[in-house]
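Visitor: Here is the input, now give the coordinates:
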Amino acid sequence: MFSVEFVSLFTEICSGGSVWGTSGQRILSEFSLDPFTNMELIRDGVLVFGRDFRNLLSFPSRAEVLRAIQRHYEAIRKYGASDAGWLLDTARCLYTLKTNQIAAKTAAGEWALEHHLCPNPEVMKKALEIRRNPEKLLKDESVTKWLKTITPQIQEFADVLENALQKEMRSGSEV
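Guide: So this is what the prediction gives:
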């Protein structure tokens with residue numbers, strides 16, 4: 001579960017308050033549950049305290065999931081540069097598009113490699129290595145230099161997502 005989901009649920013239940021959100025990593029005064037969050041909460045949510053209200057949530061439709069993937073795709077196209085996380089975000093979108101499930105970034109990256117979806121497998125392998133050892137690797141100057149060079153590979157992987165989304169739309173699903 002994303003950290004923001006725990007805080008956002010608290011905010012929604014208690015009304016008022018603030019959420020440290022993923023929308024540019026800033027304090028937000030409101031938060032709505034997106035299709036990915038709903039899927040995670042319904043399937044994998046664990047009640048820590050209070051009343052369980054997951055039964056009040058509805059599983060998102062395929063069209064809602066596709067729209068959420070489309071929004072992530074647009075963010076990747078607009079902002080996806082010099083950060084290995086964008087590769088993993090793309091992998092998560094592809095995983096959800098193909099399986100209608102949610103996976104952690106690391107698992108999605110591994111899945112994308114296993115399914116030969118990465119146009120540059122070595123770049124994804126390096127991104128996964130950084131994900132597993134960020135404290136060590138992000139202090140390495142050669143890694144920080146490498147990150148500055150991967151924008152074309154991020155965008156090339158976004159091409160894979162774009163093609164998969166277009167194929168899904170041609171098959172009759174709405175975005």
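Visitor: Pop the domain breakdown of this structure in here.
Guide: According to automatic domain parsing, the chain comprises the domains 3-56, 62-170.
Visitor: distance of Gly109 from Ser171?
Guide: 25 Å (Cβ to Cβ, to the nearest Å). C-beta here means a position set from N, CA and C on the backbone, and glycine is covered the same way.
Visitor: More neighbours: which of those two?
Guide: A direct count of neighbours by other Cβ atoms under 10 Å for Gly109 and Ser171 places Gly109 higher, at 25 against 7.
Visitor: Tell me the pLDDT of Leu57.
Guide: As summarised for this prediction, Leu57 has a pLDDT of 88.
Visitor: Wait, Ala158 touches Lys78, no?
Guide: No: assessed by Cβ atoms under 8 Å, Ala158 is found out of contact with Lys78, at 10.2 Å.
Visitor: Tell me who's in contact with the residue most central in space within the chain.
Guide: Most central in the chain under Cα atoms, centre = their mean is Asp89, positioned 4.4 Å from the mean C-alpha point. Counting by Cβ atoms under 8 Å, 6 or more residues apart in numbering, Asp89 touches His72, Ile76, Gly80, Lys105.
Visitor: would you put the C-alpha positions of the helix or strand where it lies in CSV?
Guide: Using DSSP states H and E, Asp89 sits within helix 85-99. Output in CSV follows, covering the C-alpha atoms of helix 85-99 (Å, rounded to 0.1, in the frame of the first residue of the first chain):
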residue,chain,number,x,y,z
GLY,A,85,11.6,5.4,-11.1
TRP,A,86,9.9,6.4,-14.4
LEU,A,87,10.9,3.0,-15.9
LEU,A,88,9.4,1.2,-12.9
ASP,A,89,6.2,3.4,-13.1
THR,A,90,5.9,2.4,-16.8
ALA,A,91,6.4,-1.2,-15.8
ARG,A,92,3.6,-0.9,-13.2
CYS,A,93,1.3,0.6,-15.8
LEU,A,94,2.0,-2.2,-18.3
TYR,A,95,1.5,-4.8,-15.5
THR,A,96,-1.9,-3.4,-14.6
LEU,A,97,-2.9,-3.0,-18.2
LYS,A,98,-2.1,-6.7,-19.0
THR,A,99,-3.2,-8.3,-15.7
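Visitor: Next, the buried residues of it.
Guide: Trp86, Leu87, Leu88, Asp89, Thr90, Ala91, Arg92, Cys93, Leu94, Tyr95, Thr96, Leu97 (16 or more other Cβ atoms under 10 Å).
Visitor: average pLDDT for it?
Guide: Helix 85-99 comes out at a mean pLDDT of 97.
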